[in-house]
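Engineer: what follows is a protein structure lacking sequence information:
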């Protein structure tokens with residue numbers, strides 16, 4: 001089974017990427033939807049106990065935030081795949097400003113999250129880790145982290 005953890009600031013494209021790549025195959029766990037950590041833990045435990053594939057669609061900008069998800073998924077024998085949304089702050093702020101009132105994050109909040117961001121590493125326990133950067137026409141340039149050298153390499157054919 002597969003646990004996917006998104007890492008990136010608000011407005012970086014995480015939820016859009018979920019809809020494009022995982023909507024039909026993975027349950028989405030997001031504090032934007034669930035509103036409390038308690039509800040999130042209940043849904044996470046349900047996915048783990050039923051072996052349901054899921055995506056953690058939160059900012060997850062700090063290692064310690066990601067660690068609890070990674071540990072729980074590993075304990076349940078899930079593969080853990082990370083997607084790091086490496087987006088320029090100006091792009092994230094621009095995307096955020098296009099959100100509706102309820103979803104709009106104050107710019108100060110996005111900037112604060114950006115400054116707390118800790119780039120993810122395979123050493124955290126990810127089985128695979130990808131960096132995504134915006135490309136032309138709403139597409140993504142996706143690069144896989146090479147597990148042997150801890151450097152970036154092109155993803156294998158067929159990798160989402």
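Structural biologist: Okay, I see it. All figures in this text were calculated on a predicted structure; none of them were measured in a lab. Residues are numbered from 1 along each chain as shown.

Engineer: which strands and helices sit next to whatever helix or strand residue 67 lives in?
Structural biologist: Element membership for residue 67 (DSSP states H and E) is helix 63-75. Under the contact definition 3 or more C-beta pairs under 8 Å, 6 or more residues apart in numbering; DSSP states H and E, helix 63-75 sits against strand 2-7, helix 37-50, strand 79-85. Just so you know, the C-beta spots here come from the backbone N, C-alpha and C atoms, and that holds for glycine as well.

Engineer: please enumerate the helices of this structure.
Structural biologist: 14-21, 31-34, 37-50, 63-75, 89-97, 107-116 (DSSP state H).

Engineer: rewinding a little: of the helices and strands packed on helix 63-75, which is nearest residue 14?
Structural biologist: For the helices and strands packed on helix 63-75, proximity to residue 14 was assessed by C-beta to C-beta; strand 2-7 is nearest, at 4.4 Å.

Engineer: partner strands of that closest one and their direction?
Structural biologist: strand 54-56 (parallel), strand 79-85 (parallel) (DSSP bridges).

Engineer: export those strands as JSON lines, with columns for mean neighbour count and mean pLDDT.
Structural biologist: Shown next, in JSON lines, are the strands paired with strand 2-7 (neighbours: other C-beta atoms under 10 Å; pLDDT from 0 to 100):
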{"stretch": "strand 54-56", "mean neighbour count": "26", "mean pLDDT": "98"}
{"stretch": "strand 79-85", "mean neighbour count": "22", "mean pLDDT": "98"}
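
Engineer: phi, psi of residue 135?
Structural biologist: phi -120, psi -170 (degrees, to the nearest 10).

Engineer: my read: it touches residue 91, true?
Structural biologist: No. Look at residue 135 against residue 91 with C-beta atoms under 8 Å: they stay out of range, at 11.9 Å.

Engineer: of those two, give the one with the bigger neighbour count.
Structural biologist: Remark: of residue 135 and residue 91, residue 91 carries more neighbours, 15 against 10, as counted by other C-beta atoms under 10 Å.

Engineer: unless I'm mixing things up, the more buried one is touching residue 138, no?
Structural biologist: No. Using C-beta under 8 Å, residue 91 makes no contact with residue 138, being 11.9 Å away.

Engineer: fine, thanks again, bye for now.
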